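Participant: Below is the sequence, then the predicted model.
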Amino acid sequence: MQGERFTVRKLIITKAGGPEVFAIEEHEDLTPPAGQVVVDVKAIGINFADILARQGLYPDAPRLPCCVGYEFSGVVSKIGEGIEPDLLERAVFGMSRFNGYATQVCVPLQQIFDKPDNISFEEAAGIPVNYLTAWQLLVVMGSLQPTDSILIHNAGGGVGLAALDIAKHIGATTYGTSSPEKHTFLKHRGLDHCIDYRNQDWEQELAQLTNNAGVELIIDPLGGGHWRKSYRALRATGRLGMFGISTAADSHLAGKLKLLKTAAQMPFFHPVSLMNENKSVFGVNMGKLWHEPAKIRQWMDRILTGIKEDWIRPHVDKSFRFEGVAKAHAYIEARKNKGKVVLTV
């Protein structure tokens, strides 16, 4: 397998727009430099950042046309100089700094992890971004305690379900916003209190459920004016973790206008107000942590322990074939997914 050559396929965003802008390009087999490995991809995780990149709204994405994708699973097929030979043929999952929407990826050794035997390649591809983000939000920066309560916005999404797994293990009381059709699923996953954000004012509903006390931690991927409401819903010593601006998602001119509106509605958190109200705010962006591989591996070790002990349960809502990437993006944009959506190769 080390000496084989085959055609690598990449999903390319040809221009900013809707799901139809993807095209497949063929490239030569990859050759790993020293300290890196080539992985023949079995499954690819899709994230909301990929959708924003396709819409031309993600500033960290490469210049279009480009290949996006942060996470994958597969089998190591080639190794660079300095890599132990026993890594060949090993089932792994990992993170890529874009170029993950491909049938083959080449990444540094520190960005891959052994795939647990008790999960599938599809489930493994959905672990890195969602669970590392949730771990940073809840454990590292959110300091969630067993006596705390947490509000998980978009509880039915990938990060939402990951956060629910972690919060339940910690022992905190969990509240979550989602569309009503996901409530039965979320209760089955262990969410204590479901809030219908489409037909209810979630802020008023949370106040009623907590007897106007609020919660200690809120994780919010919505952005704009929603962050102001989330901050108000914190009780004393509460923390607001911000990790996205999903309300700005849209294609073409509408997306740019929504992004401007979202930015204009973002609150300013004055240090004096934070001190007087005994509250804190923080931000999380996994795409800005490539220079901290030791931290990432430490967090992932804890997550892998959770998989082994069965308190972390990655959930794949739907798998699409590699060629069906447009359908996969459309499915997520329609807010249909409960958990992770992946591509299979």
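Facilitator: Received, thanks.
Participant: Make sure residue 199 is indeed in a strand.
Facilitator: No: secondary structure of residue 199 (DSSP: H, G, I helix; E, B strand; the rest coil): coil, not part of a strand.
Participant: hang on, it packs against residue 180?
Facilitator: Yes: look at residue 199 against residue 180 with CB atoms under 8 Å: they come within range, at 6.9 Å. To be clear about C-beta, it is placed using only N, CA and C from the backbone, and glycine gets the same treatment.
Participant: who has more neighbours, these two?
Facilitator: Neighbour totals were compared for residue 199 and residue 180, and residue 180 leads with 13 against 7 (other CB atoms under 10 Å).
Participant: Do I have it right that that one meets residue 197?
Facilitator: No: counting by CB under 8 Å, residue 180 does not reach residue 197; the two are 9.2 Å apart.
Participant: Determine the three-state secondary structure at the nearest residue to residue 103 once chain neighbours are set aside.
Facilitator: Nearest residue to residue 103, sequence neighbours excluded (CB to CB, 6 or more residues apart in numbering): residue 9, at 4.7 Å. Classification of residue 9 by three-state DSSP places it in strand.
Participant: how many other residues sit next to residue 9?
Facilitator: 18.
Participant: again with residue 232
Facilitator: 16.
Participant: Leaving out the residues flanking it, which one is nearest to it?
Facilitator: Closest to residue 232 by CB to CB, 6+ apart is residue 203, at 6.9 Å.
Participant: The one you found: what's it in contact with?
Facilitator: Going by CB atoms under 8 Å, 6 or more residues apart in numbering, residue 203 touches 229, 232, 233.
Participant: Report the separation between the spatially most central residue of the chain and residue 315.
Facilitator: With distances taken as CA atoms, centre = their mean, residue 130 lies nearest the centre of the chain, 3.4 Å away. Computed as CB to CB, to the nearest Å, the residue 130 to residue 315 distance reads 10 Å.
Participant: Next, show the common contact partners of these two.
Facilitator: 161, 340.
Participant: Which secondary structure element is home to residue 73?
Facilitator: strand 71-79 (DSSP states H and E).
Participant: Sorry, slip of the keys, the one I care about is residue 186.
Facilitator: With DSSP H and E as the criterion, residue 186 is inside helix 183-189.
Participant: Quickly list the domain ranges of this structure.
Facilitator: Recorded structural domains for the chain (assignment: automatic domain parsing) are 8-127+314-344, 130-287.
Participant: Kindly state which of these is positioned closest to residue 297.
Facilitator: domain 8-127+314-344 (6.7 Å; CB to CB).
Participant: how long is that closest one from one end to the other?
Facilitator: By CA to CA, to the nearest Å, the extent of domain 8-127+314-344 from end to end equals 14 Å.
Participant: Stretch 207-225 now?
Facilitator: Using CA to CA, the two ends of stretch 207-225 sit 18 Å apart.
Participant: So which bits of that stretch are buried?
Facilitator: 209-210, 214-224 (16 or more other CB atoms under 10 Å).
Participant: Inside strands: which ones of the residues you listed?
Facilitator: Under the assignment DSSP state E, the buried residues of stretch 207-225 contribute 215, 216, 217, 218, 219, 220 to strands.
Participant: Was I right to think the fifth one contacts residue 153?
Facilitator: Yes: A contact is recorded between residue 219 and residue 153 when judged using CB under 8 Å, the distance being 6.5 Å.
Participant: Mind listing the shared neighbours of those two?
Facilitator: Common neighbours of residue 219 and residue 153 (CB under 8 Å, 6+ apart) do not exist.
Participant: Please compute how far stretch 177-185 lies from its chain's middle.
Facilitator: Centroid displacement of stretch 177-185 relative to its chain, using CA atoms, centre = their mean, to the nearest Å, is 19 Å.
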